[in-house]
Every structure is written in structure tokens, then in C-alpha cells.
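*Asks:* With the input below, show me the fold.
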Amino acid sequence: MTSEKQITHISKFLSLVLRHRPETICIELDQNGWTDVDTLLKKSNIYGIKLDKNTLKHIVETNSKKRFAFNDTLDRIRASQGHSVEIELGYISQKPPEILYHGTAEKSVQSILGTGLGKRNRQQVHLSADIETAVKVGQRHGRPSVFKVFAEEMYNDKFEFFISDNGVWLTDNVPTKYLKQADGK
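*Replies:* Okay, the predicted model is just below:
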């Protein structure tokens, strides 16, 4: 069986090729971000990432953030969200909870207070349904800071929200008037 360290390495590699740079291993994503599993496995192995169907299935099923998804017949795979390449995930606009959260690094707070949340190099802004997840997200980038996002108010003001297969809320941007620091500042 593959070690947890190897699983983490392969998962990061899959994030790279399924979200940002499929050309790294000469695969193509269709308009909805899907690619053929057999082609992914073949090209990954040529690239030096030892990957078989059982390991890929294990990664999809056990990834704590549910970053990847198979289609119903398990012959296509895609990343659930977070793409920097242009794709259409096909999510349907939904009414969000009253409050969502955005975790970031403390060093980004002043910029966000000045300009709001933008999608930057991704297709959309990522929001969490709970503060604990937002803190974890913020910790990946340094000392965490969390913003409350007044999502229901945004929705009532005609902003669209989507929820990914792994429960991440997505929107195009969050203007400053819908933000408040959740960590008491």
C-alpha cells in the first residue's frame, strides 16, 4: 500500500494537473474540467508519478477536503473547485446561508479591507460554511485571520453563489461592505 506521504504527494500533483496545469503531463480537461482516468494514469506514470486505479480511487474517497470527484461511471475525474484554468463546473446558483466565512493570512487583511475579496488567479472566491474550516484555510498561508461574509445579504442584492461537490461555497467577488473581521478586530 502507498504511504500517507506518497498519497499527499500524489494529491498535490493531482491538484496541479487537474486545477492549474494539465499541460504538465499533456492531458486535456474538457469544458467542465473532466479528463479520462486511463489517460491520466498513463501520463502520470510517464511523468514519474506512480499511480494506479486503486490508489486514485483511494485518494478521491479519502481526501479530507474532497478535492476530486469521479463521474458516475468512474472513467472520468476532475477537481471539485479551485481551478485557475478556464472551465465551467456546471454548478447551479443557490441561496447561501446567512453568514459564510473566508480564511486568509493576517498579512492579507489590510488589502482585503481595502478592496474586498477577489478571485485573483482562481475562477471564484472560496468561502466556508463554518469558522473552523476558514481558520484551517487561513493557517495554510501564515497566521490566520477570518472574515464573516454577509452572504444572504449579498444574495438578496443579486450576487450569485454556488456550492461545489465538496461543500465549498463559491462566488465571483465579495465587496468590502459585505465583510467583517470575525476575529474581533
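*Asks:* is it true that Tyr101 touches His126?
*Replies:* No. Tyr101 is beyond contact range of His126, at 10.3 Å (criterion: C-beta atoms under 8 Å). Every C-beta, even on glycine, is put in place using the N, C-alpha and C of the backbone.
*Asks:* Counting neighbours, go ahead and name the busier of the two.
*Replies:* Neighbours were counted for Tyr101 and for His126 using other C-beta atoms under 10 Å; Tyr101 has more, 23 against 20.
*Asks:* so that one, which of the three states?
*Replies:* strand (DSSP: H, G, I helix; E, B strand; the rest coil).
*Asks:* Any idea what it is bridged to?
*Replies:* Ser128, Lys148 (DSSP bridges).
*Asks:* dump the residue contacts of it.
*Replies:* Neighbour list for Tyr101: Leu127, Ser128, Ala129, Asp130, Ile131, Thr133, Ala134, Val146, Phe147, Lys148, Val149, Ala182 [criterion: C-beta atoms under 8 Å, 6 or more residues apart in numbering].
*Asks:* are any of the residues you listed buried, and which?
*Replies:* Neighbour counting by 16 or more other C-beta atoms under 10 Å classes Leu127, Ser128, Ala129, Ile131, Thr133, Ala134, Val146, Phe147, Lys148, Val149, Ala182 among the contacts of Tyr101 as buried.
*Asks:* For the fourth one, which non-adjacent residue is closest in space?
*Replies:* The one in question is Ile131. Tyr101 (5.1 Å; C-beta to C-beta, 6 or more residues apart in numbering).
*Asks:* Is it correct that Asn166 is in contact with Lys65?
*Replies:* Yes. Contact status for Asn166 versus Lys65: in contact at 6.0 Å, counting by C-beta under 8 Å.
*Asks:* which residues in the protein form helices?
*Replies:* 4-15, 37-47, 53-62, 109-115, 131-139, 151-156 (DSSP state H).
*Asks:* so which of the ones you listed comes closest to Glu23?
*Replies:* Across the helices of the chain, Glu23 has its closest neighbour in helix 37-47 (10.6 Å, C-beta to C-beta).
*Asks:* list the buried ones in that closest one?
*Replies:* Val37, Leu40, Leu41, Lys43, Ser44.
*Asks:* Quick one: residues contacting the last one.
*Replies:* In this case it means Ser44. Counting by C-beta under 8 Å, 6+ apart, Ser44 makes contact with Phe13, Val17, Ile25, Leu51.
*Asks:* top of those residues by neighbour count?
*Replies:* The most crowded member of the contacts of Ser44, judged by other C-beta under 10 Å, is Val17 (22 neighbours).
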